[in-house]
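In: the amino acid sequence is not available; the structure is as follows:
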C-alpha cells in the first residue's frame, strides 16, 4: 500500500494542496475550522509530511546527526572525532546522541529525529544479537528521504550506505601473527559472541587456525556470559598450560586479563602472549604494552561523513555503497 499524500487529502476534503500544506504547518492564514478538518483527515489516513523535503526546498537544513553506543568507548570516540571534523569542514552542524546499547532508547532518539531537523544520519545501532530487524523509526526516517549511513555495526538487509571494518580478516591476521611468534595454543575471549561482529571475529579466528594447520579446540574459545567468569576461565587454562596466547576482542577485558596474568606470575609474552582489539592509550601505557588491532576509527568517521554529505548534496537515488575498511596491527611488547 502506497504512503498517503497531500493529493489524497485534497481529493477527500476538497481543499487545495497549498491550503492543506499551510494547515498542516499551523499557518495563521488558515481558519481553525479548516485546519481541524484537514488535520483530522490526515490523522485518519496516517499521513506524515516530508519535513526533510520541505526544508530542502527552503535550503535551510545543514544539520546532521550521529548515534553511537558509548562515548567512553575509545573507538567510537575516534569515529566521532573524524566525523565531526569532516562535517565542520563542509559547513554542517553535528548533533550527537548515545543509545547506551539500549534498543528502546535508540528508538526514542530516532522518533525525535523524524521531525525534519536533520539532513542525514550516521548510526551504529545498539547491540541486538544477530538481529536482522530494523526499528520502525529508522525505516520511517529513510521513508522521508533522509540519507542514512550505518557504520561499524551493519544490520541485516537494510538498504543504506555502510562503512565497517573487516572483522573476519582482523582475527585471521592476529592468528597468523601469533604463530609467527611461535604460539600455537591460542585462546579467544569474546564478550560479544552473540553479535554479528563477534561471529565474524570468531570465524576469522577458526579459519586462521585452519590455515596454520592448528586443530580447533573448543575449550580455548571463551564466550563470556553469566555462566562463567574471565578470572576462573583464564586461571584454569593458564595454570594447566593449555594456552600460550590469548586474543581478546574487548579493550577493558584485555587489560583485565593482562593484569590477571601478571598477578599469577606469568611472563608476558614469554609464557602467554596477549592481543586486544581497539588500539589506544590504554594498551600503550600498560607494562608490558599490549599489541592491538587498530580499527582506524577516525578514518571510518571521516569516510562515513563524506559518504553522507555526498548523498545529501548530490543524488539520493544512486546505488548504495558498502566500504569494508581493513585493520592493522600495532605491535607492542605483549607479543
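Out: Done, it's in. Keep in mind that what you see is a predicted model, and the values were worked out from it rather than measured.

In: use CA for all of it now, contacts and neighbours both
Out: Noted.

In: who's in contact with residue 205?
Out: Neighbouring residues of residue 205 by C-alpha atoms under 8 Å, 6 or more residues apart in numbering: 168, 171-172, 174-175, 188.

In: and the closest residue to residue 165 other than its chain neighbours, its phi and psi?
Out: For residue 165, ignoring the flanking residues on the chain, the nearest one in space by C-alpha to C-alpha, 6 or more residues apart in numbering is residue 325 at 4.5 Å. With angles defined as degrees, to the nearest 10, residue 325 sits at phi -100, psi 120.

In: quick one: low-confidence parts of the protein?
Out: 1-2, 49-61, 116, 128-133, 156, 225-228, 315-317 (pLDDT under 70).

In: okay, now the domains of it?
Out: The chain breaks down by automatic domain parsing into domains covering 6-49, 56-165+297-326, 167-294.

In: name every strand pairing with the host helix or strand of residue 122 and say which way it goes.
Out: Assigned by DSSP states H and E, residue 122 belongs to strand 120-123. If you go by DSSP bridges, strand 120-123 pairs up with strand 63-68 (parallel), strand 148-151 (parallel).

In: let me see the contact set for the spatially most central residue of the chain.
Out: Centroid-nearest residue in the chain: residue 124, 2.5 Å away (criterion: C-alpha atoms, centre = their mean). Going by C-alpha under 8 Å, 6+ apart, residue 124 touches 67-69, 150-154.

In: ok so, going back, list the contacts of the residue nearest to residue 165.
Out: Listed by C-alpha under 8 Å, 6+ apart, the contact set of residue 325 reads 163-166, 300.

In: neighbour-wise, which one of these leads?
Out: residue 300 (26 neighbours; other C-alpha atoms under 10 Å).

In: measure that one to residue 218 for me?
Out: Distance of residue 300 to residue 218, given as C-alpha to C-alpha, to the nearest Å: 33 Å.

In: now swap in residue 233 and tell me
Out: Residue 233 sits at a distance of 13 Å from residue 218 (criterion: C-alpha to C-alpha).

In: and residue 8, by the same measure?
Out: Residue 8 is 61 Å from residue 218, by C-alpha to C-alpha.

In: of these two, give the one with the bigger neighbour count.
Out: residue 8 (16 against 9).

In: the more buried one and residue 212: what is the separation?
Out: Residue 8 is 65 Å from residue 212, by C-alpha to C-alpha.

In: repeat for residue 39
Out: According to C-alpha to C-alpha, residue 39 stands 67 Å off from residue 212.

In: just want to know which of the two has more residues nearby.
Out: residue 39 (16 against 13).

In: surely the more buried one is in contact with residue 24?
Out: Yes - using C-alpha atoms under 8 Å as the test, residue 39 is close enough to residue 24 to be in contact (6.6 Å).

In: quick one: buried residues of stretch 204-223?
Out: 204-209, 216, 220-223 (16 or more other C-alpha atoms under 10 Å).

In: which of these sits closest to residue 96?
Out: residue 223 (31.7 Å; C-alpha to C-alpha).

In: quick one: residues contacting the closest one.
Out: Going by C-alpha under 8 Å, 6+ apart, residue 223 touches 189-193.

In: now do it against residue 199, distance only.
Out: Look at residue 223 and residue 199: by C-alpha to C-alpha, they are 11 Å apart.

In: find residues that contact each of the two.
Out: By C-alpha under 8 Å, 6+ apart, residue 223 and residue 199 have these common neighbours: residue 193.

In: can you give me how far stretch 108-123 is from the chain middle?
Out: 16 Å (C-alpha atoms, centre = their mean, to the nearest Å).

In: so for it, what gets flagged as buried?
Out: 109-110, 113-114, 116-123.

In: reformat those as CSV; add distance to residue 16.
Out: Compiled in CSV, the buried residues of stretch 108-123 are given as follows (distance: C-alpha to C-alpha, whole Å):
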residue, distance to residue 16
109, 34
110, 32
113, 29
114, 26
116, 23
117, 26
118, 28
119, 28
120, 31
121, 33
122, 37
123, 38
